[in-house]
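A.B. asks: build the 3D model from these lines:
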Amino acid sequence: MCKYEGLDYYKEENVVYKEHVERKKEVSSPAKWAMFFIVGLCVGLIAFLLFQTIEYIHKKRIKWTFDAYDPSKSSTTASSYAVFVGSGALLAFLSSSLVVFVAPAAGGSGVPDVMGYLNGVLVPHVFNVKTFFVKFISCVFSVGSGLPVGPEGPIIHMGALLGAGLPMGRSRTMGWVGGGMGSALDSWFAQFREPKEHRDFITGGAAAGVSAAFSAPVGGLLFVFEEVASYWEPRLTWMVFFACLMSSFANSFFSSPFEAWTYVGNFGYFDDKMDIMFPLNAGDHRFHILAMIPTALIGLLGGVLGAIFTFFNLKIMRFRLQYLQKPLFRILEPTIICVVFLSIMFALGVSGDCKEIPSSLHCEDESSPEEAACEWLVTEVCKQREGGGEGEKVTMYSPMATLVFSSGDELVKHMFTTPSLGVETGREELLAYLLVYFVFACWSAGMAISSGLVIPMLITGSVMGRLSGRIVELVTSASWADSSIFALLGASAFFGGVSRLTISLAVIMLEVSGGLHFLLPIMASVLIAKWVADFATHSLYHALLEVKCVPFLDFLCDIPKMDCFQASDIMKSPVVTLNLKLTVGELVDVMNRCSHNGFPVMVEDKQLGRKLFKGLVLRSQIASVLKIAMEDGLPEVSSVSMPGSPGSPGSVSSPGSPGSPGIMYKTLKESMDAIVYERLGVPQPPKHMRNQVMDLSPFVNTSSFTVNQSFSINIVRNLFRTMALRHLPVTNDLNEVVGIITRKDLIGQAIEDGMKRAQRQIYPTAE
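C.D. replies: Numbering: from 1, shown residues only. All right, here's what the predicted structure looks like:
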């Protein structure tokens, strides 16, 4: 946990900042809308490039596999196996190599990292431009390899990356630090570089990523509101929704003439294939009240399986962190898992039984409304069994091969297709596929590749729901017992059991399926799954944050009796404080002795003879002032008082007074950002500067929140999280600092430990 630091979401209200506020222009509302427009369009474009490339790789792999396949000759079967497994293993190897050696922060889905950042934790390199490019390429390779992973999580992370980077107009990694693109343009970008604006654009980018991934603008907005963002305001809702609208539009617009990078015409035409990601093809079936019984059971099963998935995934994550941290192991793990998974799937696919293609599908008629169902059927493994020659009509397909050799999107669409069309998968085949896919999806999540969990959750849930529907069909032949409907409910339930989403998940499933008539059972299955899974584990995203030791402060804290304990029970004490005036040498010595990022500043009350709390100053501010002073030659001033002491050369003027500040807010902020994000050390001043006096008055945040040591832990935690604080000094009745609280003192384990210590002090013989 020591590698994570808190973020300063709100500005430090000191003299320098107040001088800046008097002269600066407020963020232009039209400019902010325009930037959300740009972010949304770019996220949609990235999603289009990602989806098209993944689909292209998948189709090429399957084509090469079946080009080499001939079941009558064992040698060609081995060649087909080598192509299928070898190409997947190579892509998995390339995907993991990029993550391990170039950008480790690009591994996984990235959604928990975005959640942690928006909660107030500085997650290293999560918004680095190098992370963005590796995220894209690694995701293409990992999903294209055939591993049980999906691209939706990485799209959300890349959306947040674009939201973090585009409004800044600069990149330290690329050497673009501002000023090189013209002063007017740089000034336009500068208005978006405040912490709050930065957070808003990251939120909007993540929501746009969800919207582009699912073609679900409303679901994207609700997803970040319910799960990702920790701080929200009404005005942000409209701008985020606008970004979601633009990302969905851009993805659909650019995708309209292409299928796997093959031009098919229809440029600019929006049809159901683009607007509805997984259309529910349930025919004329309607939902009956009796169907609520299997709906509740599917919700129960989804919650149980979701909890099992989360439990074992966390166990595997801890095993991976303990035993598989060497670069070689991290690269080989996805490669080996890919070989084993694809080998099992290939054996299942080529050994499955063949069935007649129903004549009701009219697959030979390209204008048939069932044409989509025909496209998913895998017939290649049945060609030789029919004895047909090259170019002859194929009348058989393999249900198991259709499961195995379909892409993730195609498989979900297949599960959502009504069996009344005559295309159905046997119960044994569904069960076998579910068991294999569930195990490997559970292991694949968290490997050193860029990958997401959404498609695996939808596939697992839809196959489970389809299997449940087939079992229901054994009990009743009523028209409402349609396994495609139960596949939709199963996907919703398992997704809810893993993620614990409710409102946003129901809306997303509604938007991706178009099943408006089934909103009530979708909501029921999601809620039941959440209730069941909540008894066993946390949601997967929050549990992954715990495994990574990210000090995430959730909205709710279920620790009992927090109102009975005080801030003094959890605070850190004694506190390293600074005097309002001290020598440069004393200041540097203090910063060298400790690694704290915030220091309470004390001023002596001569009447009381005590040092009382004045405000708070950040480590990055002190380091920045020292760095600027050393570069500008201010040590030549005979009595420093450093820039900021009233009346001294180069001093910072008080608000409203004539003159200009010696250290501009912009200069100080840029220096602070460089020190924080590049992790620069404390500048070491020359010897002749160490005895000069520094006056911290212009840099002290006099609006810093404090709490009395008698405040309850519950009130302290609510204040800290609600106000997005980084440091919270604790004072006594005389306003003396007796302790300090950071977010690491407010996580569940720290609170419980503090409460136990307090109980032992009250009841020393209790144990």
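A.B. asks: residue contacts, Arg721?
C.D. replies: Counting by C-beta atoms under 8 Å, 6 or more residues apart in numbering, Arg721 makes contact with Ser230, Leu553, Phe555, Leu746. (Glycine included, C-beta is placed from N, CA and C.)
A.B. asks: all the helices of the stretch 351-500 of the chain, in order from the start?
C.D. replies: Ranges of helices in the stretch 351-500 of the chain, per DSSP state H, counting those that start in this stretch, are 371-376, 383-386, 399-404, 408-415, 427-444, 454-475, 483-499.
A.B. asks: and Pro234, how many neighbours does it have?
C.D. replies: 6 (other C-beta atoms under 10 Å).
A.B. asks: pLDDT weak spots in the stretch 351-500 of the chain?
C.D. replies: Scanning the stretch 351-500 of the chain for pLDDT under 70 picks out 359-375, 383-394, 420-422.
A.B. asks: now do the buried residues in stretch 315-334.
C.D. replies: Within stretch 315-334, the residues scored as buried using 16 or more other C-beta atoms under 10 Å are Ile316, Met317, Arg320, Arg330, Ile331, Leu332, Glu333, Pro334.
A.B. asks: how about the strands in the stretch 251-400 of the chain?
C.D. replies: Counting by DSSP state E, counting those that start in this stretch, one finds strands in the stretch 251-400 of the chain at the ranges 258-259, 262-263, 355-356, 396-397.
A.B. asks: and for the stretch 651-767 of the chain?
C.D. replies: For the stretch 651-767 of the chain, the strands defined by DSSP E, counting those that start in this stretch cover 693-695, 707-708, 728-731, 737-741.
A.B. asks: now those as TSV including mean neighbour count?
C.D. replies: Listed next are the strands of the stretch 651-767 of the chain as TSV, based on neighbours: other C-beta atoms under 10 Å:
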stretch	mean neighbour count
strand 693-695	21
strand 707-708	18
strand 728-731	24
strand 737-741	22
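A.B. asks: hmm, back to that, report the buried members of the contacts of Arg721.
C.D. replies: If we count by 16+ other C-beta under 10 Å, the contacts of Arg721 have these buried: Ser230, Leu553, Leu746.
A.B. asks: for the first one, what are its contacts?
C.D. replies: Yep, that's Ser230 we're talking about. Going by C-beta under 8 Å, 6+ apart, Ser230 touches Met115, Leu118, Asn119, Gly120, Leu553, Phe555, Arg721, Ala724.
A.B. asks: Ile459: which of the residues you listed is nearest?
C.D. replies: Met115 (23.8 Å; C-beta to C-beta).
A.B. asks: mind telling me what element that closest one is part of?
C.D. replies: helix 111-119 (DSSP states H and E).
A.B. asks: and the next helix or strand past that helix?
C.D. replies: strand 121-122.
A.B. asks: next secondary structure element downstream of that following strand?
C.D. replies: helix 129-144.
A.B. asks: for the next helix or strand after that following helix, what is the distance to the chain centroid?
C.D. replies: Later in the chain than helix 129-144, the nearest helix or strand by DSSP H and E is helix 152-165. With C-alpha atoms, centre = their mean, to the nearest Å as the basis, helix 152-165 stands 8 Å off its chain's centre.
A.B. asks: coming back round to it: now render the contacts of Arg721 as a markdown table, adding distance to Arg717 and secondary structure.
C.D. replies: Converted to a markdown table, the contacts of Arg721 look like this (distance: C-beta to C-beta, whole Å; DSSP: H, G, I helix; E, B strand; the rest coil):
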| residue | distance to Arg717 | secondary structure |
| --- | --- | --- |
| Ser230 | 13 | coil |
| Leu553 | 7 | coil |
| Phe555 | 10 | coil |
| Leu746 | 5 | coil |
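A.B. asks: out of those, the closest to Asn708 would be?
C.D. replies: Asn708 lies nearest to Leu746 out of the contacts of Arg721, by C-beta to C-beta, at 16.8 Å.
A.B. asks: ok, that closest one to Tyr231 distance?
C.D. replies: Counting by C-beta to C-beta, to the nearest Å, the gap from Leu746 to Tyr231 is 16 Å.
A.B. asks: for stretch 93-107, the distance to its chain's centre please.
C.D. replies: 17 Å.
A.B. asks: gap between the two ends of that stretch?
C.D. replies: 13 Å (C-alpha to C-alpha, to the nearest Å).
A.B. asks: buried sites along it?
C.D. replies: Under 16+ other C-beta under 10 Å, the buried positions of stretch 93-107 are 93-100, 103-107.
A.B. asks: so which of the residues you listed sit within helices?
C.D. replies: Judged by DSSP state H, the buried residues of stretch 93-107 include Phe93, Leu94, Ser95, Ser96, Ser97, Leu98, Val99, Val100 as members of helices.
A.B. asks: was I right about Ala533 contacting Ile308?
C.D. replies: No. Using C-beta atoms under 8 Å, Ala533 is not in contact with Ile308; the gap is 9.3 Å.
A.B. asks: and the two? which has more neighbours close in?
C.D. replies: Neighbours were counted for Ala533 and for Ile308 using other C-beta under 10 Å; Ala533 has more, 29 against 17.
A.B. asks: quick one: the longest helix along the chain to helix 152-165, angle?
C.D. replies: Using DSSP H, we find that the single longest helix of the chain is helix 29-67. Helix 29-67 and helix 152-165 are oriented at 150 degrees to each other (axes from the mean of the first three to the mean of the last three C-alpha atoms, to 10 degrees).
A.B. asks: if we can go back for a sec, right, so of the helices of the stretch 351-500 of the chain, which gets closest to Phe37?
C.D. replies: Closest approach to Phe37 among those is made by helix 454-475 (26.0 Å; C-beta to C-beta).
A.B. asks: what about Leu435, neighbour count?
C.D. replies: For Leu435, the neighbour count with other C-beta under 10 Å is 11.
A.B. asks: helices or strands up against the helix holding Met115?
C.D. replies: For helix 111-119, the helices and strands in contact under the criterion 3 or more C-beta pairs under 8 Å, 6 or more residues apart in numbering; DSSP states H and E are helix 152-165, helix 195-214, helix 540-547.
A.B. asks: so which of those helices comes closest to Ala506?
C.D. replies: Nearest to Ala506, of the helices and strands packed on helix 111-119 and by C-beta to C-beta, is helix 195-214 at 12.9 Å.
A.B. asks: and the angle from the closest one to helix 152-165?
C.D. replies: 150 degrees.
A.B. asks: and helix 195-214, which residues are buried?
C.D. replies: 197-214.
A.B. asks: just the helices in the stretch 501-650 of the chain please.
C.D. replies: Assigned by DSSP H, counting those that start in this stretch, the stretch 501-650 of the chain shows helices spanning 503-513, 519-534, 540-547, 584-593, 619-632.
A.B. asks: who's in contact with the longest one?
C.D. replies: I take that to be helix 519-534. 287, 291-292, 295-296, 298-300, 302-304, 306-307, 310, 485, 488-490, 492-498, 500-502, 505-506, 509-510, 515, 539.
A.B. asks: just the third one next, same as before
C.D. replies: Contact partners of helix 540-547, identified using C-beta under 8 Å, 6+ apart, comprise 108, 111-112, 115-116, 227, 309-310, 313-314, 317-318, 321, 445-446, 453, 498-499, 537-538, 552, 554.
A.B. asks: report the buried members of the residues you listed.
C.D. replies: 108, 111-112, 115-116, 227, 309-310, 313-314, 317, 445-446, 453, 498-499, 537-538, 552.
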